[in-house]
Every structure is written in structure tokens, then in C-alpha cells.
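> pasting a predicted model and its sequence here:
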Amino acid sequence: MEQKIQINTEDNHIIYGTLNALPGNDGTLIIFVHGLSGNQHEHHYFNAVPFFNKKGFGVFRFDFYCRKPKARSLSESTITMHAEDLELIIKHFRGKFRKIILIGHSLGALAILNADLSGISKIVLWDPTTGFKDIKEKNASFNAGLDKYILHWGKDILLGKQMIEEWKDSDLNDLVDRLTVPCKFIFAGGSGKYGQWEPFLEKLRVENKIAIVQGATHRFCEEGTEQELFEETYKWIK
């Protein structure tokens with residue numbers, strides 16, 4: 001059963017999402033947290049619905065920003081806003097499901113790691129992003145006229161200063177040290193993110209697993225890699 005959900009924020013915005021769960025199923029809910037410039041309809045969330053529904057999980061996917069009325073704009077968003085909006089979503093479903101699991105891709109992982117994870121059973125981070133030293137590493141530039149950063153990613157993406165600063169200054173050592181929820185990291189073998197995270201993963205003090213999907217790039221869109229991503233995720237949350 002599919003249900004469209006709207007959650008109001010304290011600053012007068014609306015979070016739009018989609019809940020797929022069998023009627024009366026109050027067991028475990030998976031909340032998918034998308035990455036930068038992403039949305040709830042990307043292949044790895046849309047295709048996850050039948051995969052995890054068939055295994056008994058409810059699934060909620062949502063947009064941090066979109067073109068619908070009163071939704072946030074990406075150019076005005078920050079990682080702090082993402083974390084706060086995620087906390088609102090968790091609060092909305094707390095009590096409706098016995099367990100909540102968070103799965104975040106790329107920048108969505110930083111939203112999860114900066115949120116209050118009280119009451120969360122497990123988390124899974126799909127090829128999580130990292131901080132960076134120089135904005136040029138992201139093929140980006142600052143536009144003084146717009147007072148925004150522009151990511152030159154084929155389609156230009158506007159980001160505010162705070163978003164860039166929070167992303168740039170993400171301290172993986174601190175995030176790992178503060179992590180209190182059992183976590184599985186699933187890396188794309190072709191993205192290079194595992195090498196960036198590896199020195200910090202050794203410091204994890206919570207129950208954890210690490211997997212690498214060989215042949216996958218950051219979006220897990222190569223043949224067979226999405227299925228392996230789902231299977232590795234299921235091993236951790238079943």
C-alpha cells in the first residue's frame with residue numbers, strides 16, 4: 001500500500017515523502033535519506049521498495065527539497081537543516097513502527113550522522129561522502145553576484161555558503177567517535193570513498209560491518225550492483 005506523506009517543519013516548509021507498507025505492518029520501517037541533488041525517485045530508492053516490502057519491511061522515502069509548494073530549495077539548504085528535518089521524520093514515525101532503520105547515500109550519510117539517533121535500531125551508509133580541503137576538488141566555484149557556490153556537474157547546482165562550509169568541515173574522526181548506533185558501511189568499489197574512510201573505520205566503537213560492491217560507481221547504476229547493494233543491506237538489517 002502506498003501513501004503520500006507531508007510533514008510540516010517548524011520554519012513553515014513541507015517535507016514530501018512516500019510510505020510503502022502493508023496495512024497493519026508496524027514492525028520495522030526503513031527510512032531512505034538521499035544525497036546531494038538527489039530525490040526519493042532515484043533508482044536505488046524506487047527499486048528498493050518492492051525488494052524490502054517483500055521481506056516484510058515498511059519503506060519511507062522523501063525529498064529534502066523539491067519543486068512542490070512550500071518545499072525547501074537546495075540552494076538554501078544546509079546539512080544541519082537536513083539533520084533537523086530527518087529528526088522530524090523520525091519523530092513522525094516513532095510509535096507507529098516498533099523499529100526504525102536509516103539508510104543514507106552519499107551526503108545523506110552526513111545528515112544521518114549529524115542527527116539525533118535516539119531510538120534508531122541500525123543504520124546503513126551507502127558510499128558515504130567525506131569532507132574536503134579545496135572547493136576545486138568538487139569542481140565548484142563561488143559566484144559573488146549570486147552569493148552562492150556553483151557545482152559544475154554538467155547541470156550547474158547552486159549551494160549556499162553554509163552548506164559548503166558544513167560539508168567541507170565534516171570531521172570523520174568526530175562523526176565516527178560519536179556514533180552510537182550499529183552501522184554498516186557499503187562502499188562502491190570504483191568511487192574511492194572506501195580509501196578516504198578506511199583510517200577512521202578502525203576507530204568505530206559500535207557493532208559494525210563493512211562491504212564493498214566491486215564494479216560499482218557512486219550511484220550503483222552498473223549492471224548487478226544495485227541488487228548486490230540491496231542484498232548487502234538486507235544481511236545487516238534482517
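Everything's here; your move. Residues are numbered from 1 along each chain as shown.
> going by C-alpha atoms from here, please, whenever you check contacts or count neighbours.
Will do.
> could you name the helices and strands sitting against the lengthiest helix in the chain?
For the chain, the helix that runs over the most residues, judged by DSSP state H, is helix 79-93. Judged by 3 or more Cα pairs under 8 Å, 6 or more residues apart in numbering; DSSP states H and E, helix 79-93 is in contact with strand 2-8, helix 107-113, helix 161-168.
> next secondary structure element downstream of it?
Heading C-terminal from helix 79-93, the first helix or strand you meet, by DSSP states H and E, is strand 99-105.
> starting at the chain centroid, how far to that next one?
For strand 99-105, the separation from the chain centroid amounts to 8 Å (computed by Cα atoms, centre = their mean, to the nearest Å).
> partners of that strand, with directions?
Strand 99-105 has its sheet partners listed here by DSSP bridges as strand 28-33 (parallel), strand 122-126 (parallel).
> next structured bit after the last one?
Going back to what we said before, that points to strand 122-126. Following strand 122-126 toward the C-terminus (DSSP H and E): strand 140-143.
> for that next one, buried residues please.
Neighbour counts over strand 140-143 (16 or more other Cα atoms under 10 Å) mark A140, F142 as buried.
> what do you get for stretch 71-89?
Neighbour-count burial for stretch 71-89 [16+ other Cα under 10 Å]: 71-72, 74-75, 77-89.
> can you list the domains in this protein?
In terms of domains, the chain is parsed into 2-130+171-237, 132-169 (source: automatic domain parsing).
> tell me which of those domains is the most buried.
Of all those, domain 2-130+171-237 has the most neighbours on average by mean count of other Cα atoms under 10 Å, namely a mean of 18.
> next, the distance between the ends of that domain.
22 Å (Cα to Cα, to the nearest Å).
> mind putting the strands paired with strand 99-105 into JSON lines with mean pLDDT and distance to I164?
JSON lines is the format used below for these (pLDDT from 0 to 100; distance: least, Cα to Cα, whole Å):
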{"stretch": "strand 28-33", "mean pLDDT": "98", "distance to I164": "19"}
{"stretch": "strand 122-126", "mean pLDDT": "98", "distance to I164": "21"}
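> centre of the chain to stretch 65-74, how far?
A distance of 17 Å separates the centroid of the chain from that of stretch 65-74, by Cα atoms, centre = their mean.
> need the contact partners of that stretch.
Defining contact as Cα atoms under 8 Å, 6 or more residues apart in numbering, one finds that stretch 65-74 is touched by N12, H13, I14, I15, Y16, S37, N39, F64, L158, L159.
> please name the nearest non-neighbouring residue to the fifth one.
What sits nearest to Y16 in space, not counting adjacent residues and going by Cα to Cα, 6 or more residues apart in numbering, is Q6, at 4.9 Å.
> settle this for me: the one you found is touching I15, isn't it.
Yes: the pair Q6 / I15 is scored as a contact, 5.6 Å apart, by Cα atoms under 8 Å.
> what's the helix or strand containing L19 packed up against?
Remark: L19 resides in strand 14-20, with elements defined by DSSP H and E. The contact analysis (3+ Cα pairs under 8 Å, 6+ apart) places strand 14-20 against strand 2-8, strand 58-63.
> so which of the ones you listed is nearest I237?
strand 58-63 (12.5 Å; Cα to Cα).
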